[in-house]
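Student: Sequence and computational prediction follow.
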Amino acid sequence: MVEKYPVLKQALLDNPDILNVGSTNTRVGEGSGKVIFSVETDDGMQQRGINFAVVDHDFIETLGINMIEGRDFQEDMPSDTMLGVLVNETMAKRLNWDQPLGKKVQMQGRDGREIIMATVVGLMKDFHQTGLYNEIETFMLIYRVNNRVVYAKLKDDEVQGTIRYIEDKWNEVFPDQPFEYSFLSDRFSEQFGADEKRGFIFTLFTVLAILIACLGLFGLASFTVEQRTKEIGIRKVVGATEGTVVRLISKEFLILISVAIIIAFPLTFYFMRDWLQQFVYRTNLGLFVFILAGLITIAITFITISFQAWKAANTNPAESLRIE
């Protein structure tokens, strides 16, 4: 199948809705092989473990990888096939390459016995070859013409029609092999599928917990008002305003909620910080998040009990005392 790849590639490029086609030996964002290479350092040639992938001359353009210095692999330069490599920013930094272009990397030839001294011809911008959960590692690209994983960059128009065209050409070139494809964006999204499900579940249970708590607060506020009907009536008789009565009833609940917040915030911070340690690239738990959460909690509490508090504050004191 690899030998027939040029036929498939040319057939795909005949379609104007397919902008670029490139190949590699490993899927983007899903890791890569790691081999010990001898690389040039300030102390001479040293062995280092380097993540690498094999790509063709159209891979960089197809994936939209940015080149910082030097050049991409070029089809019209046969020396690139064995003597040129591309490295990422992280590799250049870890090897202290202030000028990475022209640095030497020792590799084995295709027969596995010949030793070849390759040269860095380009420096590419870092991208997440090992997935978004992991720190960006050293990464090197080696040039080979035909590889087993094919990437095609499509126009945004008539994507499904272009997919059908690709399937037809695939079946012409590889009639005995099933056509399978996926979008790169979808494969990256799949890495966060479990987190998205957990986020939905936690959100659902949070909403349910808030609703249950509000029902409890509403019932407790009703009970409190019922128990203090006579007190509220007397206070109204001696001149208490509606605002005074609302504050009187709300004060106890807000104090309890404040105590709960003081207990919950340190625990939340501890468990959230522990969970976020699983991610290399993570958000910071700033003070603003906790302040906002506290204000929202107090607001929900006040809104829940305000109906009963306002109802009690506007009750005729004569009726309250007569009921007692």
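Tutor: On my side now, so go ahead.
Student: What is the subsequent helix or strand relative to whichever strand or helix holds Ala53?
Tutor: Using DSSP states H and E, Ala53 maps to strand 44-55. With elements assigned by DSSP H and E, the helix or strand that comes after strand 44-55 is helix 59-63.
Student: for whatever helix or strand comes next after that following helix, which positions count as buried?
Tutor: Once helix 59-63 ends, the next helix or strand along the chain (criterion: DSSP H and E) is strand 67-70. Neighbour counts over strand 67-70 (16 or more other CB atoms under 10 Å) mark Gly70 as buried. No exception for glycine: its C-beta is placed from N, CA and C like everyone else's.
Student: how many neighbours does Pro266 have?
Tutor: 10 (other CB atoms under 10 Å).
Student: what does the average pLDDT come to for whichever strand or helix holds it?
Tutor: Using DSSP H and E, Pro266 maps to helix 242-276. In this model, helix 242-276 has an average pLDDT of 85.
Student: Any stretches of the chain with poor pLDDT?
Tutor: By pLDDT under 70, the low-scoring segments of the chain are 78, 81, 109-113, 229-233, 235-240, 242-243, 312-324.
Student: again, 80 this time
Tutor: Along the chain, the parts satisfying pLDDT under 80 run over 77-82, 108-114, 131-132, 224-250, 278, 306-324.
Student: related to what we said a few turns ago, so which elements touch the strand holding Ala53?
Tutor: strand 18-24, strand 33-41, strand 104-108, strand 139-143 (3 or more CB pairs under 8 Å, 6 or more residues apart in numbering; DSSP states H and E).
Student: Dump those into TSV; add distance to Glu61 and mean neighbour count as well.
Tutor: Shown next, in TSV, are these (distance: least, CB to CB, whole Å; neighbours: other CB atoms under 10 Å):
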stretch	distance to Glu61	mean neighbour count
strand 18-24	5	20
strand 33-41	23	16
strand 104-108	23	17
strand 139-143	13	22
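Student: Can you say which of these is nearest to Phe288?
Tutor: strand 139-143 (36.4 Å; CB to CB).
Student: any idea which helix or strand comes after that closest one?
Tutor: strand 149-154.
Student: What pairs with that next one, parallel or antiparallel?
Tutor: Next to strand 149-154 in the sheet, as set by DSSP bridges, lie strand 18-24 (antiparallel).
Student: Identify all contacting residues around the partner strand.
Tutor: 5, 9, 12-13, 53-56, 58-63, 146-155, 162, 165-166 (CB atoms under 8 Å, 6 or more residues apart in numbering).
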